[in-house]
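>>> coords please:
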Amino acid sequence: NVTGQINVNGSALSAAPEITATASGAIAAHKPVIINSSGQAEEVNIPADAFGSGAEASTSGISGVRVIGNGAGQYILAWISSAQIKAKVVSISGTTVSYGAQTTLNNSGGQGGYHHFDMCYVPGKTCYALVFDHSSGVSTLTFTVSGTTITVGTRRGINSNNENSFAIAAVTKVGDPGYSVGAFSILHNDASYSRYFIRACVVSTEGANFAPVIKSSDYWSAGSSNFISKAAYHEGDGRFYGVKRATSGGDLRVLSWTVNTAGGGISKDGQGTTLVSNAGNDEQLNNSLVYEPNSNKLILGYTKSSNYEAVVQTIIYTSGTSYSLGTALSLGNNRVYIYLAEFNGKIYATYCDGSSQNDRGDLQIRPITISGTTLTAGTETEISSDDHRQGSCVGGNTGIFIGYRNQDSSSRPTGYFYKAGTTNLTDENFVGFSSAAISNGASGTVAVTGNTTTQSSLTPGQKYYVQGSGTLSTTADSPSVEAGIALSSTKLLIKG
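Okay, the predicted model is just below:
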């Protein structure tokens, strides 16, 4: 047995383990603490969301904006101007948006409408794919990005039967059929024959600077023309989904299909199913689809003609022509040009408040949490009081990039960045609890594993977890970080 005090290098060894660290930001007493990448202590917290001013990508008036990204902080903003599709690489610093040099993605004549082009990221080949109206036909191409430079590949003409209303999505899960060959699918309306086509495509084996290859095609006999298409890939069931509206009556329909390992071999559902009858077909009644990987859910967003009500809900294919929908969540009336993005386990909806004019309005964003098939809306935030329309959004590594047409600024393409607050807690950086308050830049002690910390309202014998917000709970958060075991209602044995 060891009795008496133990000295190490002349100092008494503490029976209650602790460390000394310099605070980065003020730390309150008895709060969970992490060590950041600079070796400083920080209180566990989620900073407030923030957004910056809009940045115009062009001084020209336009007729629609699309944005896309690679999920890792690279973004592209594209728009139609004078029947040409222009694009710029977006740079983000905090919430400040800037752009690289302008590139022409397509310099041929097109109809020039908001729904006449779309883009997706193709992770299997680290490039982007574009579908667009080319002289009343449908064409596609791929392009790459290096720094702020866009290199555009050769156009592949597909058909010219008065095609319109385009959507595009790629296989995004490693190992899924078609991923390694850069498979992507195009949806479009064939107005000449009232057909709704799928085109299964792959990136050229020679590279993204060459024309994509069309592997196979299929179609639904629509009975009427189709409008306002959107597509997405569901990684959970390895399936493409598309939504559209019939120009006759505006029925909102959902469709789905799969491709094979070569990126072709389309296998589609029988005829899809009608989700909402007579939902309307005005341009501002947008549809949107996004896959959220943490919950493994595909989320559908749309606006109905009745009161211009925006709705979001989960959707999954079951069999045949059957789909299962989650509980519909209303985001309110007069919500037009809705678009969805995913970030950090949540969905974010951007839309225009059409209370004054139903085809435009001030730009809003709203977070949506997912629990099973139930969606819950957070607080709506106004990004800009200017009237906006015809835009989209995409998630990245620190937040949401938003691109819309600013009606109050000569219809110019304008980008905004919404930096969503995310916890500084990881599954590795938690060290313990502050022994007392520590001022920013000051040195203080942190009680670590084997020590105790003073808390409140604990249940003795219960295991507690650090939450991303810096609170404690008996339920693990994401990431799951154990705080310790309650010894009493006010004392926690730190485990870490």
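
>>> residues near the spatially closest residue to F117 that is not a sequence neighbour, how many?
Leaving aside its chain neighbours, F117 sits nearest to F132 (4.0 Å; criterion: Cβ to Cβ, 6 or more residues apart in numbering). Quick note: C-beta positions are derived from backbone N, CA and C, even for glycine. Residues contacting F132 under the criterion other Cβ atoms under 10 Å number 25.

>>> now swap in N307 and tell me
Other residues near N307 come to 13 when the count uses other Cβ under 10 Å.

>>> now swap in K495 and tell me
K495, neighbours per other Cβ under 10 Å, totals 16.

>>> same check, this time on T475
Number of residues near T475 (other Cβ under 10 Å) recorded here: 8.

>>> pull the contacting residues for it.
Under the criterion of Cβ atoms under 8 Å, 6 or more residues apart in numbering, the contact list for T475 reads Y465.

>>> now it: how far from L458?
T475 is 14 Å from L458, where distance means Cβ to Cβ, to the nearest Å.

>>> quick one: mean pLDDT over the lengthiest strand in the chain.
In the chain, with assignment by DSSP state E, the single longest strand is strand 381-395. Rounded to a whole number, the mean pLDDT of strand 381-395 is 96.

>>> can you mark which positions in that strand are buried?
By 16 or more other Cβ atoms under 10 Å, the buried positions in strand 381-395 come out as 383-384, 386-395.

>>> who are the packing partners of it?
Contact here means 3 or more Cβ pairs under 8 Å, 6 or more residues apart in numbering; DSSP states H and E; on that basis strand 381-395 packs against strand 65-69, strand 335-343, strand 346-357, strand 360-371, strand 399-406, strand 412-419.

>>> on that earlier part again, which residues does the residue nearest to F117 contact?
85, 105-106, 110, 116-118, 138-140, 166.

>>> hmm, which two among those are most spread apart?
Of all pairs drawn from these, the widest gap by Cβ to Cβ lies between L105 and V138 and measures 14.8 Å.

>>> that older thread, between the helices and strands packed on strand 381-395, which one is closest to G264.
Set against G264 and scored by Cβ to Cβ, these come closest in strand 65-69, at 23.7 Å.

>>> name every strand pairing with that closest one and say which way it goes.
strand 75-81 (antiparallel) (DSSP bridges).

>>> got the angle for the partner strand vs strand 381-395?
Between strand 75-81 and strand 381-395, the angle comes out at 100 degrees (axes from the mean of the first three to the mean of the last three Cα atoms, to 10 degrees).

>>> separation between V89 and C120?
Counting by Cβ to Cβ, the gap from V89 to C120 is 16 Å.

>>> same question but for S319, I mixed them up
With Cβ to Cβ as the criterion, S319 and C120 are 27 Å apart.

>>> and the two? Which one has more around it.
A direct count of neighbours by other Cβ under 10 Å for S319 and C120 places C120 higher, at 22 against 8.

>>> where does that one sit, in terms of helix or strand?
Assigned by DSSP states H and E, C120 belongs to strand 117-122.

>>> quick one: stretch 54-62 to chain centroid distance?
Centroid separation between stretch 54-62 and its chain, computed with Cα atoms, centre = their mean, to the nearest Å, is 23 Å.

>>> averaged pLDDT, it. What do you get?
If you average the pLDDT over stretch 54-62, you get 93.

>>> what about the helices in the stretch 101-250 of the chain?
Taking DSSP state H, counting those that start in this stretch, the stretch 101-250 of the chain contains no helices at all.

>>> show me where pLDDT drops low in it?
The model of the stretch 101-250 of the chain has pLDDT under 70 over residues 108-114, 136, 222-225.

>>> before we move on, the earlier item: which of L105 and V138 has more neighbours?
For L105 and V138, the more surrounded residue by other Cβ under 10 Å is V138, and the numbers stand at 27 against 22.

>>> partners of the closest residue to the more buried one other than its chain neighbours in the sheet?
Distances taken as Cβ to Cβ, 6+ apart place E163 nearest to V138, at 4.0 Å, with adjacent residues excluded. Beta bridges link E163 to D190, judged by DSSP bridges.

>>> what about F433, which helix or strand?
strand 430-434.

>>> tell me which entries of the contacts of F132 lie within strands.
In strands, judged by DSSP E, the following of the contacts of F132 are found: 85, 105-106, 117-118, 138-140, 166.

>>> how about the closest residue to L285 other than its chain neighbours, what does it touch?
Among residues not flanking L285 along the chain, T303 sits closest, at 4.5 Å (Cβ to Cβ, 6+ apart). Shown in contact with T303 (Cβ under 8 Å, 6+ apart): 280, 284-286, 309-311, 335-338, 351.

>>> can you do 6 Å?
Neighbour list for T303: 285, 310, 336, 338 [criterion: Cβ atoms under 6 Å, 6 or more residues apart in numbering].

>>> residue ranges of the strands in the stretch 201-350 of the chain, please?
With DSSP state E, counting those that start in this stretch as the criterion, the stretch 201-350 of the chain has strands at 213-221, 226-234, 239-246, 252-258, 267-268, 273-276, 287-292, 297-303, 310-319, 322-325, 329-332, 335-343, 346-357.

>>> can you count the residues close to the nearest residue to T148 once chain neighbours are set aside?
Closest residue to T148 apart from its sequence neighbours, by Cβ to Cβ, 6+ apart: G100 at 2.6 Å. G100 has 16 neighbouring residues, counting by other Cβ under 10 Å.
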